[in-house]
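K.L.:
any chance you could fold what I've pasted below:
(chains A and B)
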Amino acid sequence: GAVVSQHPSRVICKSGTSVKIECRSLDFQATTMFWYRQFPKQSLMLMATSNEGSKATYEQGVEKDKFLINHASLTLSTLTVTSAHPEDSSFYICSASPGLGDTQYFGPGTRLTVL
Amino acid sequence: GNSVTQMEGPVTLSEEAFLTINCTYTATGYPSLFWYVQYPGEGLQLLLKATKADDKGSNKGFEATYRKETTSFHLEKGSVQVSDSAVYFCALSDLGYSSASKIIFGSGTRLSIRP
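P.N.:
Numbers count the residues shown, from 1 in each chain, chains lettered A, B, ... in the order given. Predicted coordinates for the structure are as follows:
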């Protein structure tokens, strides 16, 4: 089946630093990738949708200058949390879609802890 | 806007018990409906889906029927196993006809099965 990986799986950083999270589709080309955020014991909240080669579309309330998304190829999207603060600590999950429709394959997630 | 409401957990059952996790939705149009499962330490996996009214999705002994009249998509299993212990998310797709769909998730229900 379709596999999506994320790296790193866990990261701890100091307040004020930037952190980059990678999302890769390993065995298919992903025209669209999605980034979600999941707080403890809560649901996944969509942050942004990115299509290969174009700018990401951010959901309302998500700061695009703080959460930089790059989808440079059909198998890789990156999320950079800039100037991270403790309130950015969360579980970040990506998903990848091969095209039109509603099929998304999810990565295992990245737990970010900002001290 | 579109939303999903599901039964709060945690739900604890004995092995071989009958399971129901309630899910209702609010949506314009005719979204697809999903149940995703997140096993401990793993990413989300699609458990089952239904794309139109009265469709029944099924997988691994789990079933859910798309009920338009009650806007519901309740998850059921006749006899649960310890290996079914996980967090279950009800979700719907916000269909994008020119791109991959957004998925809107419920809050998740943690299920624990006692041997």
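
K.L.:
going forward, measure contacts between C-alpha atoms and count neighbours the same way
P.N.:
Fine.

K.L.:
so where is chain B shaky, pLDDT-wise?
P.N.:
Along chain B, segments meeting pLDDT under 70 span B:95-100.

K.L.:
for the residue nearest to the spatial centre of it, what is the enclosing helix or strand?
P.N.:
Among the residues of chain B, B:Trp35 comes closest to the average C-alpha position under CA atoms, centre = their mean, at 2.8 Å. Per DSSP states H and E: B:Trp35 is located in strand B:33-38.

K.L.:
ok, the residue nearest to the centre of chain B - contacts?
P.N.:
B:Trp35 sits next to B:Leu46, B:Leu47, B:Leu48, B:Lys49, B:Leu75, B:Tyr88, B:Phe89, B:Cys90, B:Ala91 when contact means CA atoms under 8 Å, 6 or more residues apart in numbering or on different chains.

K.L.:
apart from its chain neighbours, what residue comes closest to it?
P.N.:
Excluding its sequence neighbours, the residue lying closest to B:Trp35 (CA to CA, 6 or more residues apart in numbering or on different chains) is B:Cys90, at 4.6 Å.

K.L.:
the one you found: neighbouring residues, count only.
P.N.:
The number of residues packed around B:Cys90, counting by other CA atoms under 10 Å in any protein chain shown, is 31.

K.L.:
how near is the closest residue to chain A within chain B to A:Tyr92?
P.N.:
Here the residue of chain B nearest chain A is B:Gly43; by CA to the nearest CA that distance is 3.8 Å. Separation of B:Gly43 from A:Tyr92 (CA to CA, to the nearest Å): 11 Å.

K.L.:
low pLDDT regions in chain A?
P.N.:
A:1, A:100-102.

K.L.:
what's the offset of the helix or strand that the strand holding B:Trp35 is followed by from the middle of its chain?
P.N.:
Next helix or strand after strand B:33-38 toward the C-terminus (DSSP H and E): strand B:44-50. Centroid displacement of strand B:44-50 relative to its chain, using CA atoms, centre = their mean, to the nearest Å, is 7 Å.

K.L.:
which other helices and strands does strand B:44-50 contact?
P.N.:
Where contact means 3 or more CA pairs under 8 Å, 6 or more residues apart in numbering or on different chains; DSSP states H and E, strand B:44-50 is packed against strand A:105-106, strand B:33-38, strand B:56-59, strand B:62-65.
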